[in-house]
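In: Next input, structure requested:
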Amino acid sequence: MLGFDVGLARVGVALGNAITGDARALRILVRTSNRQLFADITSLIGQWQPDALVVGRPLTDDGRAQATTGLAERFARQLGGRFGLPVTLVDERYSSLAAQAEIGNGRRAWAGASGPGPRSMRTMPRRRR
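Out: Alright, predicted model coming up:
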């Protein structure tokens, strides 16, 4: 599966395995235009051939929508419509804190260290073999 951490300027992409529960940061896509963003995503989907996609859904501590929640939800709908793959929105509350503890604060490691990056994708249900 591929996981996406959607931001206004960048989109973090992680690669996850639903059987083993492993995940790792794959790439940071710079959002220059929607056309370029989806061309990059098309390339990644062709390369990795995921059977599902995951998008981090940013929420406040008490579960309410925040400024970027709508952006993530719209992005998830666009992914599903364009690629015909199942898309799951994952609650990313507290994932930034957990990821920062795991990999540090450096942007080189993971842009924002949140969303369905390596840490959040590990919480996805595992598939049976």
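
In: helix/strand/coil for the closest residue to Phe83 other than its chain neighbours?
Out: In this structure, Phe83 finds its nearest non-sequential neighbour in Ile45, 5.9 Å apart by Cβ to Cβ, 6 or more residues apart in numbering. Where C-beta positions appear, they are placed from N, C-alpha and C, glycine not excepted. Following DSSP: H, G, I helix; E, B strand; the rest coil, the label given to Ile45 is helix.

In: show me the contacts for Ile45.
Out: Residues near Ile45 by Cβ atoms under 8 Å, 6 or more residues apart in numbering: 2, 83, 85.

In: Now, those residues that are in helices?
Out: Phe83 (DSSP state H).

In: What subset of the contacts of Ile45 is buried?
Out: 2, 83 (16 or more other Cβ atoms under 10 Å).

In: Nearest to Ala18 among the contacts of Ile45?
Out: Leu2 (11.2 Å; Cβ to Cβ).

In: Which helix or strand contains the closest residue to the closest one other than its chain neighbours?
Out: Residue nearest to Leu2 in three dimensions, not counting chain neighbours: Pro50, with 4.6 Å by Cβ to Cβ, 6+ apart. Under the criterion DSSP states H and E, no helix or strand holds Pro50.

In: Next one: Pro50 from Ser33, what distance?
Out: From Pro50 across to Ser33, the span is 23 Å (Cβ to Cβ, to the nearest Å).

In: between the two, who's got more neighbours?
Out: Between Pro50 and Ser33, Pro50 has the larger neighbour count (other Cβ atoms under 10 Å), namely 19 against 8.

In: doesn't Pro86 make contact with that one?
Out: No: because the distance of 9.8 Å does not satisfy Cβ atoms under 8 Å, Pro50 is recorded as not touching Pro86.

In: Retrieve the pLDDT associated with the residue nearest to Phe83.
Out: Among the per-residue scores, Ile45 shows a pLDDT of 98.
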